[in-house]
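**Q** turn this into a structure:
(4 chains)
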Amino acid sequence: MAGEETNSGGDHDHDHDHDHPPFLAHHFDTPEQQFDSGKLGIWLFLVTEILFFGGMFCAYAIFRMLRPEVFEGCSQFLNTKLGAINTGVLLFSSLTMAWAVRCSQTEEHKKLTGMLAATLSCAMIFLGVKAIEYSHKWHMGLLPAGLFSYDPNHPHHEGGPNYLLWICMPFILIAIGTILWLVISLIRGNKFHIACAKPLTVVALSFFAGVGLGTYLESGGSESHAVAGAHADGDHASGEHAGDDAHDHDGDHADHDHAHSSAAQLAMEDSGDLDVLEHLASDATNTGLKDDVAARVRQSEEASGSFAYNTSDDAANTINDVEREFLTPSRAGVFFSIYYCMTGVHAIHILAGIAVLVWLLIRSVRQDFNRQYFGPVDYVGLYWHLVDLIWIYLFPLLYLIR
Amino acid sequence: MFAMLPGAFSLLGDQFKDYAWFPEQASTFAETNDWLYGVITFICFLFFIPIAGLLFYFAIRYRKPKGAKAESQVAHNTKVELIWSIAPSFVLIALFYLGARAYLDIRTVPEGSYEIGVQAFKWGWTMDYGRGTYNPELHLVVNEPTKLTMKSSDVIHSLYIPAFRAKKDIVPGRYNYMWFQPTVASEKVSEEELAKATQWTKESGQGWNYEKWQFTEHGYRFFDLYCTEYCGTNHSEMQTVVVVHETQEELDAWIKEVSARGSDVTPEAWGKLLYERRGCQGCHSLDGSKLSGPSYKDAYGSKRKLQTGEEVLFDENYVRESIINPKAKVAEGYAPVMPSFKGQLSDDDIYSITEFIKTQSSNTPVATPATTQPAADESAAGETKE
Amino acid sequence: MSDHSTDSHGDGHDFAHPMPVPMLLAVFGALTVLTIITVGQASFDFGSYDVLIVMFIATIKATLVGAFFMHLAHDKPFNIFIFVSSFVFVGLFIIFTLSDSQMTSKDFIPVDDAVPISAPAEPSSVPAV
Amino acid sequence: MSAGSIPSGAQIRDPGYPTHSENYLTNSKGIMSWIFTLDHKRIGVMYLIGVTCAFAFAGLLALAIRLHLLSPDGAMFKGENANNIYNQVFTLHGAVMVFLFIIPSIPAALGNFLVPVMLGAKDVAFPRLNLCSFYLWMIGAVFFLMALLGSQLDTGWTFYTPYSTTTDTSVIAATMGAFILGFSSIFTGLNFIVTINTMRPPGMTWFRMPLFLWATYATSIIQVLATPVLGITLLLLIAERTMHIGIFDPEYNGDPVTFQHFFWFYSHPAVYIMILPAFGVISDLISVHSHKRIFGYRFIAYSSIAIALLGFLVWGHHMFTAGMSSLTTIIFSALTFTVSVPSAIKVFNWLATMYKGSISLTTPMCYAISFIFLFTIGGLTGLHLGTLATDLHLHDTYFVVAHFHYVMVGGTLVAFIGGVFHWWPKMFGKMYSELFGRLSCLIVFLGFNLTFLPQFVLGSRGMPRRYATYDPEFQSLHVMSTYGALLLGVGLTVALFTLLYSLIWGKRAPANPWGGATLEWHCTSPPPFYNFERAPSVGDPYEFGNVEWDSEDERYVSTEPERKLVPDEQPSEVPAH
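**A** Okay, here's the model as predicted:
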């Protein structure tokens, strides 16, 4: 994070200015100037983060506008309970983070370490719950468009890899590592190391608390899933109905679209009656045959005359006029693409936040911060709140669509 | 280095002939467009000549030895600055208005335009004249507003006819439309010239060479049509020709001529024509060299290894499936980039192409080995089949 | 660039503003309540107002987080300005791109992947697309 | 120490020459002292070397392109792979020039060296972040090299989908490179904004900042606001290639035009990242070498910010033919015209600055004059492209190629070289040969015009860009252009060798060789490690009244009239260094 750079310059203090406290970088005159610079720096960094996420929100907005019924249908696959719990967890971590900033300003070192550990634990619980959500969806083949393989008749793939185990693996290693660290420092009696390793062990283990919480809620929420599955199972009419509802807020387009879609359907049924289709059924690869027969019929009708190019076939084929099954890679798949991109990038930000928070925690044990020098805590806090803030929007946009 | 300059300047001289600055004006857009271009260029010179003149004049006039003081140290003059900030804005508003008005004309397709479908692919064009007639050449009728409904089967292309001053990208996943009204009909070359070129083409055994003859195989002069959106390896060869007919009847006659295999054409010859016209040759060689797609040489009747590791027999069914649903069975070592020709090739077309591919293979059950004289092949194979 | 001296407390050279704990707890409480409301309203059907309501609640929550947890309420105007202006640019970007997509969407060709084309007899002719 | 124009009795202020231990180049030794340096000046020098290498590489690729186009069927690359090689060469030329050279050239190389010195600060606000952004630049360059050594890249520098998602070249490596370079650019911009906002010494008010700083500030705003969108676009592109997320790929219901919106939302402002710092350089060059106060300081400063902000509203003009709706197209065209006003203001102001000045036709001044000439052509031909109807004819033809080369090469590159010549004595403490410097400017000017003027005609005649082969009717113009490119190459080589020669055999440079009044001329050449021992007294950056020529020592010196003294900031005697 940008802001940290300010202060780490303190290690490089040159001897030319004797009135500089150790935490003040050589090129700053006062701690306040240093703090203000760092603060402006971190705000600018947050601006870049907002624009970074802005791109994905834009992609979301476009596809929600184009295919409201897909978003409607697919958000049924997201477990609102898990999302809501995660929102709560992140909000609580924001509280502890804000409290941590206060502690660093008031020089309550013990409490600061505690608050940072609480923030970290919440972050880990969040990831644990996410691990359950992700692995569950991967298992069902609810993946980005290119990998999407959900089959409504057999929602649970058999014999796939155990995704949950793979996600948990690095966290298991981290937990083992911290426990080892704690044990070794207990044996050696190194106070500083014990003070660091203790909270970090709690943090590492809280990931599994998150996994447990997720598993509990997911099993409780399986009923709603079954409903979603049934809904998706091919009740075409309800799908379309939902589509129309969503169209309503499209205002003037709604009626027009509806008319067109039913027309398109009628046309499809009509063509189904033609003998040509029977012909086609004999060789499914031979779709060219239909066109060929049609062309030949028309060719035999007249030898000369105007050869007007007919666009009506094409016109009936544009995106607003065709209403079809939404559980396909290019429809549901795109929803899950956006879901994974947004929540995935968000999760990466959580991971980055965890990394800097661990660094802060160790420094807080070292009692580096005081009321003249609390910048790093403040900057990381701002970053953490932004991550929370983005989730505040992600949660309703992805989970609460109806 | 300076020795090259006179040469360069003489080249510069060559360019100041009448034709040099623009291509021919051959549509209703061209005149407006060139007029607007002229106006803008004039305005540019109006600004540029004083700026450049003063720039060099000041540089020489106020050149002073080191240490000399500037004659004036005036820091600003708000009135002058406001004037030169605001005055150009009026010119800009005018330019915007003229440009936008002309643009709206170009975007608004008149009712009842003659319609032609365009399919762009790597690296060629297929114009759809309706009734199952497809041809790479774009044929129009003079003074008839024509609308193109364009789609792409792979990447973004852009249809550009310099003589019409018309351009529009063709974006996969959507229909793009453009229209224009040609104002100049293509000339027809003399029969002798055409006969000479046809004879040469027949003897060389190659496809029609537009660049060499500068007219089409039906004897029309043409306008260039380029792809202007970078689309890969042979982007620069993704060109075709635009022929403007005098009358609708003339166009209809041409369409009839190219619409389907006539009773006197063998499937092999028709298949070869389709191979050239419909873009197959851009990716599939006949001599065994590896392009974007596998070569046809000795393909028919062989076992083909697929991406998935399976093996299939290269037979009629495989050809048909690969044309209609190319991504179903992709040969090993190739990317699934071939567009589907579903609905674009009639059954007879596919049959003809299959027959043509057979002639390229020594595995063919038909006992005519592929030689460098495909014409002979065709007649032989044609007789056995028909 | 320093406008801290007026509102600092403790000794005159301090520039930290610790947030009072009750305020932090109150903000957290409000955020939790709003989360419950937003989850709760999802089970009612407000039709097209749904998105608006959800976004309105989310914006209130975001404002609370920004103003108090991120102490924007006490921060320099310049920092508030750059933070808010970033939303302006995101807005610009989304509005232009979205409106253009909407206006051209009538020409989009949908991908037809609902029905696999392969004949049932032929095994695995279509890759998992 | 009395000479010609120095009024008798005036107090002369000149920092003299740095000692070996003060000089930032020599105060610490060893390769490690450079690799881990936090000194903004050394980082600037490393950037200078880096971008010059990138430029030389991409320039050679440009020559290869031009040589290939000598004949209609391609003269340089032969065989069945010729078109592919051509496509890879022009892609790499574009990508390296844009991402590795033009974007970091002035802001990162000159900016890093100059911003703190001009500001009177000891360093940038975040020195470690600064070093980090240089290494990110290096890593980005390595990724591009990986793409080159892997299966090359043939997408064009714009990475348009679905071509970039289907081609089998190393798009991912190149995209990662561009992504990382984006972060390098963001960190540089962020650093400069914070530095300019919080590190100004007492007396340095916003309107006492040199215009180069204003331009850098405006550039930094764009870097911070626009680059993240490129970052997410490239990430989504990578995801599209690996997982087919279906946002940009029409095969999964994505929309390629959406990608173009995403891409140009960054890449149009990026055009201003390229040209705005050049405006800053030229404002300073024209003023210093005319020895006259810059005309309309505030208009130039505000117009920089105006360009930066308006630059965000016009990205659609790259997509006029791409199938945007008519309404969007017309709105973008209207907004596009608004950007031309602030650019025009600057040109008029520079001319007015030269009027009644005392112009020294030094090498930097020659480059500055070339800049105004070439940039004016580049700017004016933008009118043809901003006007909708004519753009439909000219879009994606050589007209566009010529237009943006006039802006990027005739503008940014010429300003960059001019800036390097201007601050070279300050950076390295050496004077170069004025004769060869001016000669290089002349050759570059002629070569450049010979290369790109014919391309306007080519474009008007309908020659599409990115063509490996072309119709024979276009050949004569292509030949001219190729000769021009060779001449341009010669000119740039002369410039390079003039500078390198001066490093070893050049005369020692005085603190103020040109008579500048901004703060960087108030410290020694090269500057000492800390730039300023104590916060410098800041005056008007364009007040030349007290800068006098000292013909005896061939230098300019500041004379200090009595009334200017501020007792506690101004030492009573001439400083020791």
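**Q** list of residues touching the one helix or strand in chain C whose mean pLDDT sits lowest?
**A** Every helix and strand of chain C was ranked by mean pLDDT, DSSP states H and E. The lowest is helix C:49-64, at a mean of 89. Outside helix C:49-64, the residues within contact range by Cβ atoms under 8 Å, 6 or more residues apart in numbering or on different chains are A:249, A:389, A:392-393, A:395-397, A:400-402, C:27, C:30-31, C:34-35, C:37-38, C:41-42, C:46. For the C-beta atoms, the positions are set from N, CA and C on the backbone; glycine is no exception.
**Q** put the buried members of those into a ChimeraX selection.
**A** Per 16 or more other Cβ atoms under 10 Å in any protein chain shown, the buried members of these correspond to this ChimeraX selection:
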select /A:389,392,393,395,396,397,400,401,402 /C:27,31,34,35,38,41,42
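**Q** from the contacts of helix C:49-64, which land in helices?
**A** A:389, A:392-393, A:395-397, C:27, C:30-31, C:34-35, C:37-38, C:41 (DSSP state H).
**Q** run through the residues that contact the residue of the stretch 251-386 of chain B at minimum distance from chain D.
**A** Closest residue of the stretch 251-386 of chain B to chain D, Cβ to the nearest Cβ: B:Ala335 (5.6 Å). Contact analysis of B:Ala335 by Cβ under 8 Å, 6+ apart lists B:Ser292, D:Thr166, D:Asp168.
**Q** let me see the domain layout of the chain.
**A** Here I'm looking at chain A. As assigned by automatic domain parsing, chain A contains the domains A:4-11+A:25-234+A:326-399, A:254-315.
**Q** that was the other one, I meant chain D.
**A** D:1-32+D:510-577, D:37-275.
**Q** lowest-confidence stretch among these?
**A** Across these, domain D:1-32+D:510-577 has the smallest mean pLDDT, namely a mean of 76.
**Q** do it and chain C meet at all?
**A** No - counting by Cβ under 8 Å from any Cβ of the partner chain, chain C is not contacted by domain D:1-32+D:510-577; separation bottoms out at 14.5 Å.
**Q** that domain near chain A anywhere?
**A** Yes - Domain D:1-32+D:510-577 reaches chain A (Cβ under 8 Å from any Cβ) through D:Tyr530.
**Q** next one: that domain to chain centre, how far?
**A** Distance of domain D:1-32+D:510-577 from the chain centroid (Cα atoms, centre = their mean, to the nearest Å) equals 28 Å.
**Q** A:Gly160 and A:His136 touch, don't they?
**A** No - in this structure, A:Gly160 is not within contact of A:His136 by Cβ atoms under 8 Å, at 11.7 Å.
**Q** between these two, which has more neighbouring residues?
**A** Counted by other Cβ atoms under 10 Å in any protein chain shown, A:Gly160 and A:His136 do not tie: A:His136 has more neighbours, with 21 against 12.
**Q** find the residue closest to that one in space, skipping its chain neighbours.
**A** A:Glu218 (6.2 Å; Cβ to Cβ, 6 or more residues apart in numbering or on different chains).
**Q** adding mean pLDDT, write the domains of chain A out as JSON lines.
**A** Output for the domains of chain A, formatted as JSON lines (pLDDT from 0 to 100):
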{"stretch": "domain A:4-11+A:25-234+A:326-399", "mean pLDDT": "86"}
{"stretch": "domain A:254-315", "mean pLDDT": "42"}
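**Q** dump stretch D:538-549 to CSV, restricted to CA.
**A** Presented in CSV, the C-alpha positions along stretch D:538-549 are these (Å, rounded to 0.1, in the frame of the first residue of the first chain):
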residue,chain,number,x,y,z
VAL,D,538,11.4,30.8,-3.9
GLY,D,539,10.9,33.5,-6.4
ASP,D,540,9.0,33.9,-9.6
PRO,D,541,10.0,30.9,-11.8
TYR,D,542,9.8,33.1,-14.9
GLU,D,543,11.5,36.3,-13.6
PHE,D,544,14.6,36.8,-15.8
GLY,D,545,15.3,40.3,-14.7
ASN,D,546,18.1,39.3,-12.4
VAL,D,547,19.6,36.5,-14.5
GLU,D,548,22.7,37.9,-16.1
TRP,D,549,25.2,36.4,-18.6
